[in-house]
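Peer 1: Using only what follows, build the 3D model:
(one chain, ligands or ions: 2)
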Amino acid sequence: MDSKSSQILLETAELSKDYLMGSEVVNALREVSVQVKGGEFVAVMGPSGSGKSTFMNLIGCLDRPSSGRYLFEGRDMSQLNIDDLARTRNHRVGFVFQNFSLLSRTSALENVELPLMYGKVPRRDRKAKATAVLEAVGLKDRIRHQSSQLSGGQQQRVAIARAIVNDPALILADEPTGALDTFTGIEIMALFQALNRDGRTIVVVTHESDIAQFADRILRFRDGRLIKDERVEHPEDARKMLSRMPVDRGKRP
Ligand SMILES: Nc1ncnc2c1ncn2[C@@H]1O[C@H](COP(=O)(O)OP(=O)(O)OP(=O)(O)O)[C@@H](O)[C@H]1O
Ligand SMILES: [Mg+2]
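Peer 2: Ligands and ions are numbered 1, 2, ... in the order given. Predicted coordinates:
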């Protein structure tokens, strides 16, 4: 790991988020203090309703905290107005979701080009960049396919290509393997591990401890609190695990 990637990328200090439901206050996140360095691969675990997505929304600059501080790349995000927060998010954070969230009846290429529209990248450069990223995630021969013409695993690869095309500082994935079968889920984790080896910082929410074992650190939430922060001593190598699994599928890209 080079010196740049071992710097602190994000830091929360007593970060809290409350939601008002009628007259009742929901403490979705309670005083979470944590640091993540550049180049880390972090898994976020915890029961349903424990605050995982709330945490991801805050560190991904999708939402603002009720109290506490959030520093991202050394800047205090809690001080930014909505427009600056959105600008930071569009340029510096890539999101991957459980249900892929691709535009239907739209090609893989166009889906991946979309984030580049924010950056005013010229059309021809957009196309070249999106194509290169789709090739990097193993979809060279699916570039013109529409979302509905792709398997779940392929759709998630498009979503990951879209998340990385802007070269973000942080990749956030909320249950990225939740809608996939076991084998395809491990393939997606192999892709995340490859991106992480290239120096990318990744935070993945998962319910499955098998999936969390591919990360090098696990944060556990309960009732909105961060209750455990542990290193994974020997993360599983997804690529190696796949090579040991029988392949009788025919739908691999
Ligand atoms: N927009 C909202 N308005 C009101 N309450 C909310 C809102 N979003 C989340 N909550 C509440 O905040 C708490 C934390 O929700 P969150 O979505 O972060 O949980 P989670 O750990 O991601 O759960 P899951 O595993 O089911 O996705 C829950 O009690 C939830 O009901
Ligand atoms: Mg959630």
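Peer 1: Just to check, residue 104 is in contact with residue 146?
Peer 2: Yes. Between residue 104 and residue 146 there is a contact under Cβ atoms under 8 Å: 7.1 Å. For every residue, glycine as well, the C-beta is placed using N, CA and C.
Peer 1: More neighbours: these two, which one.
Peer 2: Using other Cβ atoms under 10 Å as the criterion, residue 104 and residue 146 rank with residue 146 on top: 16 against 8.
Peer 1: so how far is residue 135 from the more buried one?
Peer 2: Using Cβ to Cβ, to the nearest Å, we find residue 146 at a distance of 18 Å from residue 135.
Peer 1: Can you list the low-confidence ranges for this protein?
Peer 2: Under the criterion pLDDT under 70, the flagged ranges of the chain are 1-5, 247-253.
Peer 1: Indicate the residue of it located nearest to ligand 2.
Peer 2: Using Cβ to the ion, residue 53 is the residue of the chain that sits closest to ligand 2, at 3.1 Å.
Peer 1: Leaving out chain neighbours, which residue sits closest to that residue?
Peer 2: Spatially, and ignoring its direct neighbours in sequence, residue 53 is nearest to residue 174 (5.8 Å; Cβ to Cβ, 6 or more residues apart in numbering).
Peer 1: so what's the one you found bridging to?
Peer 2: Counting by DSSP bridges, residue 174 forms beta bridges with residue 97, residue 205.
Peer 1: That one contacts residue 59, correct?
Peer 2: No. Checked against Cβ under 8 Å, the pair residue 174 and residue 59 is beyond contact range at 11.5 Å.
Peer 1: What parts of the stretch 1-150 of the chain come near ligand 2?
Peer 2: Within the stretch 1-150 of the chain, the positions near ligand 2 by Cβ under 5 Å from the ion are 52, 53.
Peer 1: The same query, at a cut-off of 8 Å, please.
Peer 2: For the stretch 1-150 of the chain, the contact set with ligand 2 under Cβ under 8 Å from the ion comprises 48, 52, 53, 54, 56.
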